[in-house]
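> Quick one, structure for this:
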Amino acid sequence: MSASDHVHQPRLPPELEQDIFLLAIEQTNKNLSDTLNFILVAKRVHDWLIPKIFNIVIFNDNEASPTPFQLSTFQRYAKHVQHLFLEPHTLVQHLSLFVNVTNLVLWREFDASQLEVLLTFNHLTRLSIAISNNITPSPIYFTLFSKLTHLDLISSCKSWSPAIISPLINFPLLTHLCILTGSNIEVIKLFLDQNWCSNLRVVVLWGSAEMVPVVPPPPWMGRDGFPVEDERFFYVLCRETIRDWESGAKGGDDMWKVADRYLASCKGSI
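Okay, here's the model as predicted:
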């Protein structure tokens, strides 16, 4: 073996070397250019890190467009993205790049004519989306959301038409639904009473303390104070949205897991 061959051979077990690099990229404070420097070390390091670096992508600067570097990087590695958090309108035109996304946050308000942009996501199981109140039932719903298990609906409207929620009857896999207030509590009661989703286990009402007749102590979640008698109902008043979503994407606690545990404890399951 030549001296040059010896220098380029890894000196640590591959598993340990991989763990070191994975730990290193977690310490770069999410600076994309700094993180990508690690993939230049060796091909094996590139292959280890790229799926990890781009597994979760968050772009939440609502005033900024992606830089040319960010955009070209996303275009190159978009197939690795499974969890995608987007706020700015400027990125919507690039959604078709992210063909393998399963968990999407899209906080640009959509109306019915714009929902077709989501047809890109054939593997989508979790969606948080801002929608306008003029959406009416359409066959496109059934294509977009037929695989969803978790749906988070956000609207700036003070009250929602039942027409927004009633199409969920066609989403056979939906188990978790969250609705942002000021939603009309009567719409939620109607939805629960009609049992529009046969597999639905959790309905979360997310809003401000002003919505709750009796404000509980922190962490401000539960069921007390609302005129809803349904074992699937849960409200949460304080939710750090980006941090909550990112924690869930990484396999940690999020709104859904907290609701699951709370409702299970109410049933005496844990």
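> all contacts plus neighbour counts: C-alpha atoms, from now on.
Fine.
> Just the endpoints, please. Distance across stretch 59-67?
11 Å (Cα to Cα, to the nearest Å).
> which intervals of the stretch 151-270 of the chain have sub-threshold pLDDT?
Along the stretch 151-270 of the chain, the parts satisfying pLDDT under 70 run over 156-166, 181-187, 196, 207-227, 238-239, 268-270.
> can you give me the helices in it?
In the stretch 151-270 of the chain, the helices defined using DSSP state H, counting those that start in this stretch lie at 162-165, 185-194, 241-249, 255-266.
> and of those helices, who's closest to residue 37?
The closest of those to residue 37 is helix 241-249. By Cα to Cα, the value is 23.4 Å.
> Show residues contacting the closest one.
Under the criterion Cα atoms under 8 Å, 6 or more residues apart in numbering, residues 56, 83, 103, 253, 254, 255 lie in contact with helix 241-249.
> I'd like to know how many residues surround the closest residue in space to residue 45 that isn't next to it in sequence.
The spatial neighbour of residue 45 that comes closest, neighbours along the chain excluded (Cα to Cα, 6 or more residues apart in numbering), is residue 39 at 5.6 Å. Residues near residue 39, counting by other Cα atoms under 10 Å, number 18.
> Kindly write the ChimeraX command that selects the buried subset of the contacts of helix 241-249.
Selecting only the buried entries of the contacts of helix 241-249 in ChimeraX, with 16 or more other Cα atoms under 10 Å as the criterion:
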select :56,83,103,254,255
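> before we move on, the earlier item: export the helices of the stretch 151-270 of the chain as a markdown table, with columns for distance to residue 178.
Putting these into a markdown table (distance: least, Cα to Cα, whole Å) gives the following:
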| stretch | distance to residue 178 |
| --- | --- |
| helix 162-165 | 11 |
| helix 185-194 | 10 |
| helix 241-249 | 12 |
| helix 255-266 | 9 |
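> Nearest to residue 204 among these would be which one?
Comparison of the helices of the stretch 151-270 of the chain against residue 204 by Cα to Cα identifies helix 255-266 as nearest, at 7.6 Å.
> Pull out the buried residues from that closest one.
Neighbour count says helix 255-266 has 255, 256, 259, 262, 263 buried, by 16+ other Cα under 10 Å.
> how near is the last one to residue 247?
Taking Cα to Cα as the measure, residue 263 falls 20 Å from residue 247.
> swap in the second one?
When distance is defined by Cα to Cα, residue 256 is 11 Å away from residue 247.
> Could you list the paired strands of the longest strand belonging to the chain along with their orientation?
The longest strand of the chain (DSSP state E) is strand 103-110. Its sheet considered, strand 103-110 pairs with strand 83-86 (parallel), strand 126-131 (parallel) by DSSP bridges.
> how about low-confidence regions in the stretch 1-150 of the chain?
The stretch 1-150 of the chain contains residues with pLDDT under 70 at 1-10, 28-32, 61-66, 88-92, 109-114, 132-143.
> Please work out how many residues are found near residue 144.
Residue 144 has 20 neighbouring residues, counting by other Cα under 10 Å.
> Now do the contacts for residue 52.
Counted by Cα under 8 Å, 6+ apart, residue 52 has contacts residue 22.
> tell me which element it falls in.
Taking DSSP states H and E as the definition, residue 52 sits inside helix 43-53.
> Could you tell me which strands sit next to the helix or strand following that helix in the sheet, and their orientation?
Counting by DSSP H and E, the element after helix 43-53 in chain order, helix or strand, is strand 56-59. Applying DSSP bridges to the sheet, strand 56-59 is found paired with strand 83-86 (parallel).
> now could you export just the CA positions of the partner strand as CSV?
Only the C-alpha atoms of strand 83-86 are listed here, as CSV (Å, rounded to 0.1, in the frame of the first residue of the first chain):
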residue,chain,number,x,y,z
HIS,A,83,-40.5,17.5,5.4
LEU,A,84,-41.1,21.0,3.9
PHE,A,85,-42.1,24.2,5.7
LEU,A,86,-42.7,27.1,3.3
